[in-house]
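**Student:** sequence and predicted structure, then a few things I'm wondering about:
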Amino acid sequence: MKIAGCTWGISSAQINAAYTLQKSGFDTIDVDPGVFTSKTHLSLPQISCLAAGHLFPDNTRLDDKNDKARAKALAHSKSALQEAHTLDVEVAYIGAPNPGIESLSRFRDAACELSDLADDLGIVFCIEPSPPRGLSSVHETLDFFETCNRDNLNVLLDFAHCLLIEEDPVEAISYCGDKLAYVHFNDTDGVNDDHLALTDGIMDNDLITRILDRLKSVQYRRPLGVESNPALPDPIGSAIKTRNVLIENGACE
């Protein structure tokens, strides 16, 4: 399996982060909206995934109570999908909504529109379960998919998020079935979504090996996304450590 580095985990200067990740040995990169410019797109490293739910303007959200704010957020994600198409990116994703029935209903409308657009553009569209938001677990997210009646809704599975709600990461892979489209690797202290390097938190090599073995058993074929955190003392060093731990535990065998 290839290993992808997430630019947003290194720096807000995406182009610099992209080339830093490439020079550090990552096979591909994952990016925020706005990485594309006419001057840079031809020379960028290969991009595996685009975060269509990052960098919403003016703190808007896809489940915003305000109609105009929600429309602005939706337009932003639609533009991000168009950018992903231009860059020939296979996967794009958004995060989970805020808790609450009304929030989830507003989010459903947006997710369905984005799923339809992504399908038209040939992009695999994902939602990332994320505690403590409204879709915090794989089970909740798959149940949500059932209410949407869309084929192009898939899971981006962050294994640290599983641990934050005591969801077994290995079993979560199997539970996703053919809806598992992308994965994120990072670690956590068990309380915060702090994007630590693997084994710097509560993940150990045994769990990492079991996760990788299960991914292989279900024939997961896309890159392993590595998230870091710009707030860490050494974000790129942290990302490199996660990459090395994955390799040491058989990711590239």
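**Tutor:** Received, thanks.
**Student:** so how many other residues sit close to Glu128?
**Tutor:** Applying other Cβ atoms under 10 Å, we find 20 residues neighbouring Glu128. Backbone N, C-alpha and C define where each C-beta goes, glycine included.
**Student:** distance check, it against Lys78.
**Tutor:** Distance of Glu128 to Lys78, given as Cβ to Cβ, to the nearest Å: 18 Å.
**Student:** same deal with Ile247?
**Tutor:** 37 Å.
**Student:** the two - which one has more neighbours?
**Tutor:** Neighbour count, other Cβ under 10 Å: between Ile247 and Lys78, Lys78 has more, with 17 against 13.
**Student:** hang on, the more buried one packs against Leu117?
**Tutor:** Yes - if you go by Cβ atoms under 8 Å, Lys78 and Leu117 touch, sitting 5.9 Å apart.
**Student:** mutual contacts of these two, please.
**Tutor:** Contact criterion Cβ atoms under 8 Å, 6 or more residues apart in numbering; residues shared by Lys78 and Leu117: none found.
**Student:** identify all contacting residues around the helix or strand harbouring Thr147.
**Tutor:** Element membership of Thr147, judged by DSSP states H and E, is helix 138-148. Residues outside helix 138-148 that contact it (Cβ under 8 Å, 6+ apart): 96, 104, 108, 111-112, 115, 127, 129, 134-135, 153, 155, 157, 162, 167, 172, 175-176, 179.
**Student:** give me the subset of those lying in strands.
**Tutor:** 127, 155, 157 (DSSP state E).
**Student:** so can I have JSON lines of those residues showing distance to Pro223 and pLDDT?
**Tutor:** Compiled in JSON lines, the ones in strands among the contacts of helix 138-148 are given as follows (distance: Cβ to Cβ, whole Å; pLDDT from 0 to 100):
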{"residue": "Ile127", "distance to Pro223": "18", "pLDDT": "98"}
{"residue": "Val155", "distance to Pro223": "16", "pLDDT": "98"}
{"residue": "Leu157", "distance to Pro223": "13", "pLDDT": "98"}
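**Student:** between these, which sits nearest Leu215?
**Tutor:** The nearest member of the ones in strands among the contacts of helix 138-148 to Leu215, counting by Cβ to Cβ, is Leu157 at 9.6 Å.
**Student:** state the distance from that closest one to Leu163.
**Tutor:** 12 Å.
**Student:** now the common contact residues for the two.
**Tutor:** Pro169.
**Student:** looking at these two, which is more packed in?
**Tutor:** Taking other Cβ under 10 Å, Leu157 and Leu163 do not tie; Leu157 has more neighbours (28 against 21).
**Student:** could you check how far that one is from Ser103?
**Tutor:** Distance, Leu157 to Ser103, by Cβ to Cβ: 22 Å.
**Student:** in this structure, which helix or strand is least confident?
**Tutor:** Scoring the helices and strands of the chain by mean pLDDT, DSSP states H and E places helix 14-23 at the bottom, with a mean of 93.
**Student:** so which elements touch it?
**Tutor:** If you count contacts as 3 or more Cβ pairs under 8 Å, 6 or more residues apart in numbering; DSSP states H and E, helix 14-23 packs onto strand 28-31, helix 235-248.
**Student:** and it, how far from the chain's centre?
**Tutor:** Centre-to-centre, helix 14-23 and its host chain are 18 Å apart (Cα atoms, centre = their mean, to the nearest Å).
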